[in-house]
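# I would like the atomic coordinates for the input below:
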Amino acid sequence: MLPEGWRKENINSVTEKVGSGITPKGGNAVYKKQGIQFLRSQNVQWGKLSLDDVAFIDDTQHNRMKSTAVKYGDVLLNITGASIGRSGAYNSHKEANVNQHVCIIRSNGKIDHNYLVNFLISPYGQKQIDQFQAGGNRQGLNFEQIKSLKISLPPLPEQKKIAAILSTWDRAIEGTEQLLANSQQQKKALMQQLLTGKKRLPGFTGEWKKTTIGNIAKEISIRNKNRKNYPVISCTKTKGFVDSLSFFNKKVYSDDLSGYKIISRNQIGFPSNHIEEGSIGLQNLHDDAIVSPIYTVFSMGKNADPLFVFAVLKTDHYRQIFAAATNSSVDRRGSLRWSAFSQIKINLPSPPEQKAIAAVLTTADEEITAIESDLSRLRQEKKALMQQLLTGKRRVKVD
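Next up, the predicted model:
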């Protein structure tokens with residue numbers, strides 16, 4: 001039941017335009033280094049527009065596509081592909097156009113455009129959008145479906161107040177996202193300096209020595225023959241090892257785990273057919289866990305710190321080395337086995353310097369984890385607030 005003064009409307013009744021753009025003929029050749037902004041689906045993010053990767057068209061092309069021009073206050077909604085449902089408001093007076101993957105929703109004055117964006121990205125808006133994508137094939141939204149979306153509307157002044165309140169969370173989230181990006185970039189720069197010896201920590205002057213991975217590590221291939229109930233983990237490109245069941249929200253491993261490999265804490269592992277993508281992880285989730293039989297597992301010798309070696313192997317430089325080694329491997333299945341992997345060369349400082357560098361990088365990781373936790377909390381707070389404000393369960397005072 002709606003609060004007093006609220007009404008349920010279709011998007012069609014509060015808009016004067018629902019339509020998308022076109023992509024000019026000629027492909028990338030029509031795009032310019034400057035000119036009129038041409039907005040594509042990658043520019044429409046969750047609740048905002050990102051112009052980091054914006055394309056441009058010239059005045060002639062712009063005039064040919066007048067029906068695809070956007071105005072200040074237009075709401076842009078992605079209607080095709082994996083980004084269906086992302087929405088942001090065009091809060092600029094600069095001329096711009098959109099392509100066929102982006103829908104323009106233009107208010108007729110009965111709905112605040114920022115309120116509409118918050119509705120579209122809210123659980124209520126997304127649920128309706130998902131219902132049009134039954135079966136998970138993400139075939140695309142059409143204009144009639146968009147017009148039929150139902151929205152709960154308070155009076156216009158209350159819409160504006162709700163949008164203003166939610167925008168304070170948006171600013172906090174955006175600031176935290178920028179802080180996270182800065183910290184990640186700083187860590188990357190630190191890795192490039194410390195892991196190559198370009199920058200030395202105080203007190204260390206010894207020469208680094210080049211060796212092979214096989215000289216500092218040994219392969220471990222212990223199977224779970226006793227069928228113990230070890231946690232099953234998987235390696236991702238960005239997060240390293242994760243608990244498989246909770247990460248994928250479904251069971252993606254075999255019922256029979258007797259052939260799976262045991263990987264203990266501080267051992268390193270990678271799926272032999274995906275390492276060229278950067279999928280390699282340090283097992284620091286459990287004392288013991290198990291991984292698929294396709295994984296290669298190895299442990300460090302006494303002169304190699306696992307944290308340091310793992311940090312080196314996670315760099316872009318080594319991802320390229322893995323790709324080259326995979327391509328040249330005699331294994332026709334596109335896998336990198338221990339026999340070839342162990343011959344890859346690595347440059348090592350003394351064990352104390354390895355540990356010191358690993359400690360610096362661990363501190364950087366802890367700072368990044370803390371910022372990620374703050375970001376997750378802010379997003380959850382905004383989501384909870386949206387569920388209250390956009391339904392009228394919690395009312396705002398309007399001056």
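# tell me which residues touch Ser350, please.
Residues touching Ser350, when contacts are defined by C-beta atoms under 8 Å, 6 or more residues apart in numbering, comprise 204, 206. For every residue, glycine as well, the C-beta is placed using N, CA and C.
# check what pLDDT the most centrally placed residue in the chain gets.
Nearest to the mean C-alpha position of the chain, by C-alpha atoms, centre = their mean, lies Thr238 at 9.3 Å. We have a pLDDT of 85 for Thr238.
# same check on the one 5 residues further on?
What the model reports as pLDDT for Asp243 is 92.
# what do you get for Leu51?
Note for Leu51: predicted pLDDT of 88.
# how about the secondary structure of it?
Three-state call for Leu51 (DSSP: H, G, I helix; E, B strand; the rest coil): coil.
# tell me how far it lies from Ser92.
Counting by C-beta to C-beta, to the nearest Å, the separation of Leu51 from Ser92 is 9 Å.
# show me which of these two is the more surrounded one.
Under the criterion of other C-beta atoms under 10 Å, the comparison of Leu51 against Ser92 puts Ser92 first, with 15 against 10.
# is it true that that one touches Tyr72?
Yes - using C-beta atoms under 8 Å, Ser92 is in contact with Tyr72, at 6.4 Å.
# wasn't the residue nearest to the centre of the chain part of a strand?
No - checked against three-state DSSP, Thr238 lies outside a strand; its state is coil.
# for it, give me its contacts.
Remark: with contacts taken as C-beta under 8 Å, 6+ apart, Thr238 is in contact with nothing.
# ok but Ser152 is inside a strand, no?
Yes - residue assignment for Ser152, taken from three-state DSSP, places it within a strand.
# I figured it hits Thr391, correct?
Yes - checked against C-beta under 8 Å, the pair Ser152 and Thr391 is within contact range at 6.1 Å.
# which residues do the two both contact?
Between them, Ser152 and Thr391 have Tyr124 as joint contacts when contacts are counted by C-beta under 8 Å, 6+ apart.
# now do the residue nearest to the centre of the chain against Glu277, distance only.
When C-beta to C-beta is the yardstick, Thr238 and Glu277 sit 10 Å from each other.
# and for Glu353?
When C-beta to C-beta is applied, the distance between Glu353 and Glu277 equals 30 Å.
# low-scoring pLDDT stretches of the chain, where are they?
Counting by pLDDT under 70, the ranges of the chain that qualify are 27-29, 134-138, 252, 329-334.
# residue ranges of the helices in it, please?
Under the criterion DSSP state H, the chain contains helices at 59-64, 113-121, 123-131, 143-148, 156-194, 213-216, 244-248, 306-313, 316-327, 338-341, 351-389.
# mind giving me a markdown table with those helices and columns for mean neighbour count?
Formatted as a markdown table, the entries for the helices of the chain read as follows, by neighbours: other C-beta atoms under 10 Å:
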| stretch | mean neighbour count |
| --- | --- |
| helix 59-64 | 14 |
| helix 113-121 | 24 |
| helix 123-131 | 16 |
| helix 143-148 | 15 |
| helix 156-194 | 16 |
| helix 213-216 | 17 |
| helix 244-248 | 14 |
| helix 306-313 | 21 |
| helix 316-327 | 16 |
| helix 338-341 | 18 |
| helix 351-389 | 15 |
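# okay, these in CSV with distance to Asp256 next?
Listed next are the helices of the chain as CSV, based on distance: least, C-beta to C-beta, whole Å:
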stretch, distance to Asp256
helix 59-64, 60
helix 113-121, 43
helix 123-131, 35
helix 143-148, 45
helix 156-194, 40
helix 213-216, 31
helix 244-248, 15
helix 306-313, 30
helix 316-327, 28
helix 338-341, 24
helix 351-389, 35
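# how about the ones you listed, which one is nearest Asn43?
Nearest to Asn43 among these is helix 113-121; the distance by C-beta to C-beta comes to 14.2 Å.
# ok, residues contacting the closest one?
The set of residues external to helix 113-121 that reach it, using C-beta under 8 Å, 6+ apart, is 46-47, 73-75, 77, 85-89, 105, 107, 125-126, 129, 149, 151, 159-160, 162-164, 166-167, 386, 390.
# go again with 6 Å.
Contact partners of helix 113-121, identified using C-beta atoms under 6 Å, 6 or more residues apart in numbering, comprise 46-47, 73, 75, 87, 89, 107, 125, 151, 159, 163, 166, 390.
# that one relative to helix 156-194, how many degrees between them?
For helix 113-121 against helix 156-194, the angle by axes from the mean of the first three to the mean of the last three C-alpha atoms, to 10 degrees is 70 degrees.
# work out the gap between helix 113-121 and the centre of the chain.
What separates the centre of helix 113-121 from the centre of its chain is 22 Å, taken as C-alpha atoms, centre = their mean, to the nearest Å.
# now do stretch 238-255
From the chain centre to the centre of stretch 238-255 is a distance of 17 Å (C-alpha atoms, centre = their mean).
# can you give me the end-to-end distance of it?
27 Å (C-alpha to C-alpha, to the nearest Å).
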